[in-house]
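>>> Need coordinates for the below:
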Amino acid sequence: MIAILDKIKHLDVVQLVKTSMRLICFMVLVAVVVAVTNTKLQTLRVNNEVYRQGFVSATERTKQLECMTRNIYYEAATEPFEGKVAVAQVTMNRLEDGRGRFGRDVCSVVYQKNIIYEKVVCQFSWTCDGVSRVKPIYAAHYRESEEVAKKVLLENFRLPSMKDAMYYHADYVNPRWGKPQVAKIGRHIFYRENQ
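From the prediction side, this is the model:
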């Protein structure tokens with residue numbers, strides 16, 4: 001009988017040790033999860049505060065520069081310098097219009113799509129016609145587009161005549177917008193909003 005009680009006590013101790021070990025492991029796991037979660041939340045808070053203050057990370061700025069470069073390239077690669085700047089400036093004017101209609105950053109302005117009468121309409125046609133999946137093939141035009149993007153996006157270079165330009169189209173089409181014309185540069189005609 002004493003031997004059986006000793007065995008029961010031994011089993012109880014073994015079970016107690018196993019349960020204690022499981023509880024300790026669980027507590028350590030919970031502590032790690034809480035620590036990682038707090039670290040991530042703190043990072044998000046800091047990044048959110050930086051974003052709210054208007055700061056942009058280097059990664060985000062590089063992405064915006066790429067979007068602007070591609071837009072200039074696909075919309076105005078063969079246009080003169082002023083024509084490339086004008087296309088970039090329309091993009092920036094849309095971004096800075098104060099009403100948030102066109103997007104919250106350069107990339108969202110460039111890739112904005114609307115649905116009109118059940119048809120997807122892109123603000124910049126190249127983003128819808130499949131061209132965006134093709135790698136730029138004219139290296140010199142791409143480099144020049146990138147230089148213009150840097151001047152407009154990073155150095156705030158602007159053409160005074162384009163300060164109100166919000167829309168444009170090629171001179172060989174007539175969309176009948178009825179908007180006031182701002183300028184014609186190269187093969188593009190630029191317009192401002194109706195007042």
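
>>> in this structure, what secondary structure element scores lowest on mean pLDDT?
helix 2-52 (a mean of 71; mean pLDDT, DSSP states H and E).

>>> Any idea which residue is closest to the centre of the protein?
Per C-alpha atoms, centre = their mean, the C-alpha nearest to the average position across the chain is that of residue 107, at 4.7 Å.

>>> From residue 141, how far off is that residue?
Using C-beta to C-beta, to the nearest Å, residue 107 is found at 21 Å from residue 141. No exception for glycine: its C-beta is placed from N, CA and C like everyone else's.

>>> for stretch 161-168, what is the average pLDDT?
In this model, stretch 161-168 has a mean pLDDT of 94.

>>> Around residue 109, how many other residues sit close by?
25 (other C-beta atoms under 10 Å).

>>> Look up the closest residue to it, ignoring the ones flanking it.
Nearest residue to residue 109 in three dimensions, chain neighbours excluded: residue 103, at 3.9 Å (C-beta to C-beta, 6 or more residues apart in numbering).

>>> count of neighbours near the one you found?
17.

>>> Which helix or strand contains it?
For residue 103, there is no host helix or strand (DSSP states H and E).

>>> Same question for stretch 170-190: list its buried residues.
Residues of stretch 170-190 classed as buried by neighbour count (16 or more other C-beta atoms under 10 Å): 182-183, 185-186, 188-190.

>>> Then stretch 75-93?
75-77, 79, 82-93.

>>> next one: stretch 154-169
Quick answer for stretch 154-169 (16+ other C-beta under 10 Å): 158-159, 162, 165-168.

>>> Make sure residue 162 is actually in contact with residue 182.
Yes - at 6.6 Å, residue 162 counts as touching residue 182 under the criterion of C-beta atoms under 8 Å.

>>> Overlap in contacts, those two.
residue 190 (C-beta atoms under 8 Å, 6 or more residues apart in numbering).

>>> wait, the residue nearest to residue 109 sits on residue 93?
No - using C-beta under 8 Å, residue 103 is not in contact with residue 93, being 12.0 Å away.

>>> What are the boundaries of the strands in this structure?
113-116, 119-122, 167-170, 181-185, 188-191 (DSSP state E).

>>> For residue 32, find the nearest of these.
strand 113-116 (42.8 Å; C-beta to C-beta).

>>> distance between that closest one and the chain's centre?
19 Å (C-alpha atoms, centre = their mean, to the nearest Å).

>>> measure the residue nearest to residue 109 to residue 71 for me?
12 Å.
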